[in-house]
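[1] how would this look folded up:
(one chain, ligands or ions: 1)
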Amino acid sequence: MIDFNHVNKVYDNGSLALDDVTIHIEKGEFVLICGPSGAGKSTFIKLLSHEVVPDSGTVIVNDMEVSHLKKRKIPYLRRRLGIVFQDFRLLPNKTVSENIAFALEVIEEKPKVIKERVAAVLEMVGLSHKANDLPQDLSGGEQQRVAIARAIVNKPLVLIADEPTGNLDPNTSKGIVELFKTINNSGTTIVMVTHDMEMVKYLNKRVIALEDGRVTSDRMRGAEFNEA
Ligand SMILES: Nc1ncnc2c1ncn2[C@@H]1O[C@H](COP(=O)(O)OP(=O)(O)OP(=O)(O)O)[C@@H](O)[C@H]1O
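    Numbers count the residues shown, from 1 in each chain. Predicted coordinates:
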């Protein structure tokens, strides 16, 4: 599903972000990317969506060679990825259901399909009763649920999350993580960046640890981590 082969990335200012990273992620896995600030976690994720391209090596997502993608193919790739951010990034002037529907409108999905899918994901994230509210009227945890609903409404190949619980309190975070587990149990591959070690242990999934752009450990389960 996801293959990084000897990927190197140095930014224009000389910052080494990834150094000879080789990783294989199977379809249906739930993988946590961990590591200190500046380790290369966000760069790793940006390589998946072609926001960043490697200096050398290849990145493959579901048979697409993302690292050398033709410009006209980029929208096609991004349509197949669901991305969730720490700061939710909802459109403030659209209601909850409009925010989710927007992800399908841009790919010109039929109105009937949009209606059905939006209702289904809202139910999945437990927010059917908030469909007509604006994001500002929701709690942080609820806003993140809307962002997750928007990310999965198009049935992505991979759900990517960059510190999705970074702005939430521990209890709310647990609810969000449970939601990710449910989504993963229905077959969606998940790649999540986090430096919340409590969450890592709680989830007990495969952990890829990065440090100074290198993979320092892989295939350890969350519960095997002790406080550093
Ligand atoms: N656009 C950029 N231009 C120049 N250097 C960058 C850029 N983005 C990241 N870097 C550098 O690349 C390295 C890896 O950064 P990256 O954001 O991938 O790390 P991170 O593990 O996600 O960190 P954090 O946990 O702080 O978000 C760092 O040294 C960072 O300063």
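
[2] Mind jotting down where the helices sit in this protein?
    41-48, 74-79, 96-105, 111-124, 140-152, 170-185, 197-203 (DSSP state H).

[3] hey, which of those is tucked in deepest?
    Highest mean neighbour count of those: helix 140-152, a mean of 24 (counted as mean count of other C-beta atoms under 10 Å). In this view, the C-beta of every residue, glycine as well, is placed from N, C-alpha and C.

[4] need the helix or strand of the protein with the lowest average pLDDT.
    Lowest mean confidence among the helices and strands of the chain (mean pLDDT, DSSP states H and E): strand 214-221, at a mean of 85.

[5] That one packs against which elements?
    Using 3 or more C-beta pairs under 8 Å, 6 or more residues apart in numbering; DSSP states H and E as the contact test, the elements touching strand 214-221 are strand 16-25, strand 206-211.

[6] Around the ligand, pick out the residues from the protein.
    Applying C-beta under 6 Å from any ligand atom, we find that the chain lies next to the ligand at Tyr11, Asn13, Ser15, Ala17, Gly35, Ser37, Gly38, Ala39, Gly40, Lys41, Ser42, Thr43.

[7] And for the second one, the neighbour number?
    Same thing as Asn13. Neighbourhood size, Asn13 [other C-beta atoms under 10 Å]: 5.

[8] do the third one as well
    The burial count assigned to Ser15 is 12, neighbours taken as other C-beta under 10 Å.

[9] Now do it, the pLDDT please.
    In this model, Ser15 is scored at 94, pLDDT.

[10] Give the pairing partners of the least confident helix or strand of the chain; include direction for each.
    With DSSP bridges as the test, strand 214-221 is paired with strand 206-211 (antiparallel).

[11] The strand it pairs with: how far from the chain's middle?
    Relative to the centre of its chain, strand 206-211 is centred 15 Å away, using C-alpha atoms, centre = their mean, to the nearest Å.

[12] follow-up on the earlier one: distance to Asp133 added to the helices of the chain, as TSV?
    Compiled in TSV, the helices of the chain are given as follows (distance: least, C-beta to C-beta, whole Å):
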stretch	distance to Asp133
helix 41-48	29
helix 74-79	27
helix 96-105	6
helix 111-124	11
helix 140-152	9
helix 170-185	17
helix 197-203	27
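
[13] Relative to Thr216, which of these is closest?
    Nearest to Thr216, of all the helices of the chain, is helix 41-48, at 12.4 Å by C-beta to C-beta.

[14] what is the orientation angle of that closest one with strand 16-25?
    Angle, helix 41-48 to strand 16-25, by axes from the mean of the first three to the mean of the last three C-alpha atoms, to 10 degrees: 60 degrees.

[15] what's next to helix 41-48, contact-wise?
    The contact list for helix 41-48 (C-beta atoms under 8 Å, 6 or more residues apart in numbering) reads 2, 4, 7, 9, 17-18, 21, 33-35, 52-54, 59, 61, 66-67, 81, 83, 158, 160, 162, 191, 193, 210, 213.

[16] OK, contacts around the residue nearest the centre of the chain?
    The residue lying closest to the centre of the chain (C-alpha atoms, centre = their mean) is Ile160, at 1.4 Å. Each residue near Ile160 by C-beta under 8 Å, 6+ apart is listed here: Ile45, Leu48, Ser49, Leu81, Gly82, Ile83, Val84, Ile190, Val191, Met192.
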